[in-house]
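**Student:** Need coordinates for the following:
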Amino acid sequence: MSHRPVIAIAGLACETSTFSPSRTLASAFHPRRGDEIIDKYAFLHRNTSLGKAADWRGALISHALPGGIVTRDAFEKLAGEIITRLTDICSSSTVRGLWFDIHGAMCVEGLDDIEAELLRRIRKVIGPDALVSASMDLHGNVSRELAHQTDLITCYRMAPHEDAMDTKRRACANLVDLLSQEATPERPVKAWIPLPILLPGEQTSTRVEPAKHIYAAVPIVEAVDGVIDAAIWVGYAWADEPRNHAVVMATGWDQAAVAKGAEKLAHLFWDAHADFKFVGPAGSYTECLDTALASSARPFFISDSGDNPTAGGAGDMTWGLTKLLARPEFKDPSGPMVIYASVPGPAAVQKAVEAGVGTIITVTAGAEADDRYAGPITLTGRVHAVKKGDKDAIIEVVLQVGSVYAILTQLRKPYHYERDFTDLNLNPRSADIVIVKIGYLEPELYDMAADWMLGLTPGGVDQDLERLGHHRIQRPMWPFDKNWPTPPNLEARIIPPSNEPLNGA
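**Tutor:** Residues are numbered from 1 along each chain as shown. Predicted structure coming up:
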């Protein structure tokens, strides 16, 4: 088995909003090490074609729930362990490749372009000859430096990200193919095109146009002779760094084909830059509630998008729940049934656990991290359900206040699946209104919803980008700048191989 190339695996991932006051600590990352990484990815199991093709060595991967900026201490602790583990791997084997398993929108206190910074440190251990294949979220950011340090790079082609595992597998398969060529493989050509566009994911879902036809062109470019992979990054809108903007890349063996393919995708994107709209009907929170109450569609879903914990919101804002409970329509238990997910409140949850199901209690929760728009909320209601053992929330309780079933959690949690509700003795299909801290609806919620609206609510991932206060992004940038006397330069920049210097700006 010694002929198989040794490929290491490492990466850190946390989509982080610089507009959220919360901070992401090391404890949020839940690292996997060694064979735990192989166990996580079924396509690398020993009985698979990829598992047999290489000797995969897990160093450390850590994927945290999106949130506020990662503390410097957390990053240094995790990055330091990656370096230590890679050093151990390299001491006993020649590492010929690295799968860089990242998201691409992590921000760390005091550092910019953190994925490139982490890869710089990794390169000092694995050396310039090792080939690096990165897999990313399409909401990540690809700086010129990150494009340079990688040899292969790809990202999701669907939003919602139903192709996440396909993308990761593709990154690994491309790396194995490259390493199988010869002892010292030629490095692919990389074409990189930055686009002055910065849009939220809720306007760039591949379910709808124009992203639908733009992303449909990616596999067509990839299928051209001489092209290995093509990718489009929308970028991450809720962080304020110079690297935050859309990017197109293509990699392959034929420079003309790679450049032409990247330019085709860049022009498709730019030509449609003014056509992006929200993925569904959108309005103020009041407009969403009024529409839901007037509608006969049941269940009617509303996205409380400004505090979405899977986009980088603190997840503990009480603004949405406070406004909901102030409505007279929901004061009586016989009113329209509403499920609200969710607000963290460790003390409130503990009190509900001690009181037990069926008990009337008064508790206070929320706004420990983000109290900019509303303070902690005090609720009096009946304990409807208690659940222990959730991997994110730890403990969840449901408190019925009038006709509202409010989910409170020990730690913040996203609610993306029907079982997230049914495990709490809630049937979202029978509810009148379901309000979730989310942006575009994830597939199971989308399929359940008879109708829905995107609530344009405040928070760390406010959909109104222009009121957030970006000041470090490159300008001009759409939609911050509306007048373009000349179109941007969409010519492909050929990025030098990772083992050659990156010169110029």
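
**Student:** Could you point out the bridge partners of Asp101 in the sheet?
**Tutor:** Ser135 (DSSP bridges).

**Student:** Measure how buried it is and give me the count.
**Tutor:** 26 (other Cβ atoms under 10 Å). All C-beta atoms are positioned from the backbone trio N, CA, C, and that covers glycine.

**Student:** how near is it to Val108?
**Tutor:** As judged by Cβ to Cβ, to the nearest Å, Asp101 and Val108 stand 17 Å apart.

**Student:** And the chain, what are its domain boundaries?
**Tutor:** Listed by automatic domain parsing, the domain ranges of the chain are 6-277+490-495, 282-462.

**Student:** for the first one, the distance to its chain's centre please.
**Tutor:** To tie it back to what came earlier, the one meant is domain 6-277+490-495. 12 Å (Cα atoms, centre = their mean, to the nearest Å).

**Student:** Stretch 304-324 now?
**Tutor:** Stretch 304-324 sits 16 Å away from the centroid of its parent chain (Cα atoms, centre = their mean).

**Student:** those helices in the stretch 1-150 of the chain, which residues are they?
**Tutor:** 35-40, 49-53, 72-92, 114-126, 144-149 (DSSP state H, counting those that start in this stretch).

**Student:** Format the domains of the chain as CSV; extra columns: mean pLDDT.
**Tutor:** Converted to CSV, the domains of the chain look like this (pLDDT from 0 to 100):
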stretch, mean pLDDT
domain 6-277+490-495, 97
domain 282-462, 98
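
**Student:** Reformat those as JSON lines; add distance to Phe480.
**Tutor:** Listed next are the domains of the chain as JSON lines, based on distance: least, Cβ to Cβ, whole Å:
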{"stretch": "domain 6-277+490-495", "distance to Phe480": "7"}
{"stretch": "domain 282-462", "distance to Phe480": "14"}
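
**Student:** now for those, which one comes closest to Pro479?
**Tutor:** domain 6-277+490-495 (7.1 Å; Cβ to Cβ).

**Student:** And the closest one, end to end?
**Tutor:** 26 Å (Cα to Cα, to the nearest Å).

**Student:** likewise stretch 46-64?
**Tutor:** End-to-end distance of stretch 46-64 (Cα to Cα): 27 Å.

**Student:** in it, what counts as buried?
**Tutor:** 50-51, 53-64 (16 or more other Cβ atoms under 10 Å).

**Student:** Would you check which pair of those residues lies furthest apart?
**Tutor:** The span of these, defined through Cβ to Cβ, is set by Ala53 and Ala64 at 30.3 Å.

**Student:** I'd like to know which of the buried residues of stretch 46-64 are part of strands.
**Tutor:** 55-63 (DSSP state E).

**Student:** can you list these in TSV and add distance to Glu222?
**Tutor:** Formatted as TSV, those follow (distance: Cβ to Cβ, whole Å):
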residue	distance to Glu222
Asp55	28
Trp56	24
Arg57	28
Gly58	28
Ala59	29
Leu60	30
Ile61	26
Ser62	30
His63	26
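
**Student:** What is the nearest of those residues to Glu442?
**Tutor:** Nearest member of these to Glu442, counting by Cβ to Cβ, is His63, at 16.8 Å.

**Student:** Quick check: nearest residue in space to that closest one, chain neighbours excluded?
**Tutor:** Ala13 (4.4 Å; Cβ to Cβ, 6 or more residues apart in numbering).

**Student:** So the one you found sits against Asp101, correct?
**Tutor:** Yes. Between Ala13 and Asp101 there is a contact at 7.3 Å, judged by Cβ atoms under 8 Å.

**Student:** okay, and the common contacts of the two?
**Tutor:** Shared contacts of Ala13 and Asp101 (Cβ atoms under 8 Å, 6 or more residues apart in numbering): Ile61.

**Student:** ok, which stretches of the stretch 351-500 of the chain are strands?
**Tutor:** 360-365, 377-390, 394-401, 404-409, 433-436, 451-455, 493-495 (DSSP state E, counting those that start in this stretch).

**Student:** Leu293 is nearest to which of the ones you listed?
**Tutor:** Of all these, strand 433-436 comes closest under Cβ to Cβ, at 7.7 Å.

**Student:** Using CSV, write out the CA atom coordinates for that closest one.
**Tutor:** Output in CSV follows, covering the C-alpha atoms of strand 433-436 (Å, rounded to 0.1, in the frame of the first residue of the first chain):
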residue,chain,number,x,y,z
ILE,A,433,-47.4,30.6,11.2
VAL,A,434,-43.8,29.3,11.7
ILE,A,435,-41.1,32.0,12.3
VAL,A,436,-37.5,30.8,12.0
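
**Student:** Quick one: distance of that strand to the chain centre.
**Tutor:** That offset, for strand 433-436, works out to 22 Å (Cα atoms, centre = their mean).

**Student:** Which residue, other than its chain neighbours, is closest to Phe75?
**Tutor:** Val108 (4.5 Å).

**Student:** Specify the beta-bridge partners of that neighbour.
**Tutor:** Taking DSSP bridges as the rule, Val108 bridges to Val70, Leu111.

**Student:** Number of residues surrounding it?
**Tutor:** For Val108, using other Cβ under 10 Å, the count is 23.

**Student:** correct me, but it touches Lys77?
**Tutor:** No. Using Cβ under 8 Å, Val108 makes no contact with Lys77, being 11.5 Å away.

**Student:** which one of the strands of the stretch 351-500 of the chain lies closest to Phe29?
**Tutor:** Using Cβ to Cβ, the strands of the stretch 351-500 of the chain put strand 394-401 closest to Phe29, at 15.9 Å.

**Student:** ok, residues contacting that closest one?
**Tutor:** 325, 333, 342, 348-350, 352-353, 361, 363, 379-390, 405-411, 413, 424-426.

**Student:** and the angle for it with strand 377-390?
**Tutor:** 140 degrees (axes from the mean of the first three to the mean of the last three Cα atoms, to 10 degrees).

**Student:** Please shift the residue numbers so they start at 3 in all later answers.
**Tutor:** From this message on, residue numbering opens at 3, which makes the last subject strand 396-403.

**Student:** In PDB, list the C-alpha atoms belonging to strand 396-403.
**Tutor:** C-alpha atoms of strand 396-403 as PDB (Å, rounded to 0.1, in the frame of the first residue of the first chain):
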ATOM      1  CA  ILE A 396     -27.800  21.100  24.500                       C
ATOM      2  CA  ILE A 397     -31.300  21.600  26.000                       C
ATOM      3  CA  GLU A 398     -34.400  23.000  24.400                       C
ATOM      4  CA  VAL A 399     -37.700  23.900  25.900                       C
ATOM      5  CA  VAL A 400     -41.000  25.200  24.400                       C
ATOM      6  CA  LEU A 401     -42.900  27.800  26.300                       C
ATOM      7  CA  GLN A 402     -46.500  28.500  25.200                       C
ATOM      8  CA  VAL A 403     -47.400  32.200  25.600                       C
END
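
**Student:** If I take it and strand 362-367, what angle do their directions form?
**Tutor:** Using the same axes, to 10 degrees: strand 396-403 against strand 362-367 is 120 degrees.

**Student:** between strand 396-403 and strand 406-411, what angle do the directions make?
**Tutor:** 160 degrees.

**Student:** can you give me the strands in the stretch 203-352 of the chain?
**Tutor:** 229-235, 248-254, 284-285, 302-306, 340-346.

**Student:** As JSON lines, the ones you listed with mean neighbour count and distance to Asp114 would be great.
**Tutor:** Formatted as JSON lines, these follow (neighbours: other Cβ atoms under 10 Å; distance: least, Cβ to Cβ, whole Å):
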{"stretch": "strand 229-235", "mean neighbour count": "25", "distance to Asp114": "17"}
{"stretch": "strand 248-254", "mean neighbour count": "28", "distance to Asp114": "16"}
{"stretch": "strand 284-285", "mean neighbour count": "17", "distance to Asp114": "32"}
{"stretch": "strand 302-306", "mean neighbour count": "27", "distance to Asp114": "31"}
{"stretch": "strand 340-346", "mean neighbour count": "27", "distance to Asp114": "30"}
